[in-house]
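S.K.: pasting the sequence and the predicted model now:
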Amino acid sequence: MELINGRYSLDGVDLLELVNEFDSPVYVYSAETMREQYEKLTHAFPGVKLGLHYACKALSNITVLKYMKQLGAGLDAVSIQEVLLGLKAGFEPTQILYTPNGVSMEEIEMAVNEGVKINIDNRSILEQFGAKYGDKVPVCIRVNPHILAGGNHKISTGHIDSKFGISYYQLRHVARVVKLYGINVEGLHMHTGSDILDAEVFIRGAELLFDAAQDFKDLRYMDFGSGFKVGYKEADITTDINDIGAKIAERFKEFCTQYGRELELWFEPGKFLVSESGYFLVKTNVVKQTTSTMFAGIDSGLNHLIRPMLYDAYHKITNISNPTGIERIYAVVGYICETDTFGWDRKLNEVREGDILAFHNTGAYGFSMASNYNSRFRPAEVFIYKGKAHLIRKRETLDDLLRNQVDMDL
Ligand SMILES: *Cc1c(COP(=O)(O)O)cnc(C)c1O
């Protein structure tokens, strides 16, 4: 987002005009930023064969999926529905890695029938899979390295109490199951969480996978998940992608030499690719001064952007209607009948009723976690592509709320 001559714009599109055209609340995404982020990753790992699968749960609009395919990414899907969306978006089955957690064998069979790559997350399924498919369908195995990435248990998936993956300590048993059924293990996977600060954590986990690899002789790739951090606050430490990339690439090449084959190095970023591309634009309905607080109440709530309430996530807020107004302190709150506070004590250019506020860094886990709570419509989504704003999801209507409801005669 840029401020030029008192007007905020994104890739040349004026944001207040965009709200006039598409109304509020509205999510808007910059294709250009997604491309820049994608290219940062593709350039960060010198000398290795890199495979990037976009974790589409972050933002699953079909146009974004098609754009990721155009950029050259594969897809990381965590449900059979995401697999089907990916196929619909034009991905080849072999470009899709299906990485579910705690799903039934039936759902895994559906994914096998679609021809996508399968990542197995527990021993019970691995045994059933071996009994059913033997060596006919290659698999990847998700290992839990028991490394706590960052400090936030809510978004960390690699720690000792985590439900994800097969414990590193159980790999000897896994190796026996694999041998017994002749399972073709072509990949090892780990995804430690969404908050990794430096190369250290990555490398520690990587060493465990390198050790584990000795029991699996037919590997084609290793997948180190995601966890590339993006900056939410100005002072946030973010993943230094070139530093991490160079260190991992270096260590990975050593490993390949020792393993005796050149494997592919895979990642499955969600947030890194789409978070910073997105802004959520809302309108101020009321400014309310109470004895203790100045509230700015907006035409949205936890139904549209739940990260602040669910994870205590910080999203920077800008009043794009009043860039030169004096700064005052606000609590920005939603219209849902719950306490849905987006931010306390935010210094914003004076907010007047009707002003448009922009939430930054909302491309990832914004719309994709939205709901209809309080029977509110989910917002529209707009994609800025080649300097023009395109509607990629219509705002919902009453028909959408009633769809699938059975209106009984009483
Ligand atoms: C959510 C998820 C990702 C993406 O995580 P980000 O923090 O958005 O990059 C990658 N892999 C798996 C298996 C996931 O569940």
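M.R.: Cool, the structure landed.
S.K.: adjacent strands (with direction) for the strand or helix carrying residue 329?
M.R.: Using DSSP states H and E, residue 329 falls within strand 327-333. Strand pairing for strand 327-333, using DSSP bridges, gives strand 294-298 (parallel), strand 341-349 (antiparallel).
S.K.: next secondary structure element downstream of the last one?
M.R.: Elements were assigned by DSSP H and E; along the chain past strand 341-349, the next helix or strand is strand 356-359.
S.K.: hang on, the earlier thing: so what touches the strand holding residue 329?
M.R.: Here strand 327-333 makes contact (CB atoms under 8 Å, 6 or more residues apart in numbering) with 293-298, 317, 339-351, 357. From N, CA and C alone the C-beta is placed, and that goes for glycine too.
S.K.: tell me how far that strand is from the chain's mean position?
M.R.: Centroid separation between strand 327-333 and its chain, computed with CA atoms, centre = their mean, to the nearest Å, is 28 Å.
S.K.: same thing with stretch 384-394?
M.R.: Distance, stretch centre to chain centre, for stretch 384-394: 20 Å (CA atoms, centre = their mean).
S.K.: could you give the average pLDDT over it?
M.R.: Confidence over stretch 384-394 (mean pLDDT, whole number) is 98.
S.K.: deepest-packed of the strands paired with strand 327-333, please.
M.R.: Across these, the average number of neighbours (mean count of other CB atoms under 10 Å) peaks for strand 294-298, which reaches a mean of 21.
S.K.: tell me the buried residues in the helix or strand that comes right after that strand?
M.R.: As assigned by DSSP H and E, the chain's next helix or strand after strand 294-298 is helix 307-311. In terms of neighbour count (16 or more other CB atoms under 10 Å), helix 307-311 has its buried residues at 307, 308, 309.
S.K.: average pLDDT across helix 307-311?
M.R.: Computed over helix 307-311, the mean pLDDT rounds to 95.
S.K.: mind giving me the domain split of this protein?
M.R.: The chain breaks down by automatic domain parsing into domains covering 2-29+275-402, 60-269.
S.K.: how about those in JSON lines, adding distance to residue 44?
M.R.: Putting the domains of the chain into JSON lines (distance: least, CB to CB, whole Å) gives the following:
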{"stretch": "domain 2-29+275-402", "distance to residue 44": "16"}
{"stretch": "domain 60-269", "distance to residue 44": "3"}
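S.K.: flag every residue of the stretch 101-250 of the chain that's near the ligand.
M.R.: With CB under 6 Å from any ligand atom as the criterion, the stretch 101-250 of the chain meets the ligand at residues 191, 194, 225, 226, 227.
S.K.: pretty sure the last one is touching residue 199, no?
M.R.: No. Between residue 227 and residue 199 there is no contact, the gap being 11.5 Å when judged by CB atoms under 8 Å.
S.K.: which of these two has more neighbours?
M.R.: Between residue 227 and residue 199, residue 227 has the larger neighbour count (other CB atoms under 10 Å), namely 30 against 18.
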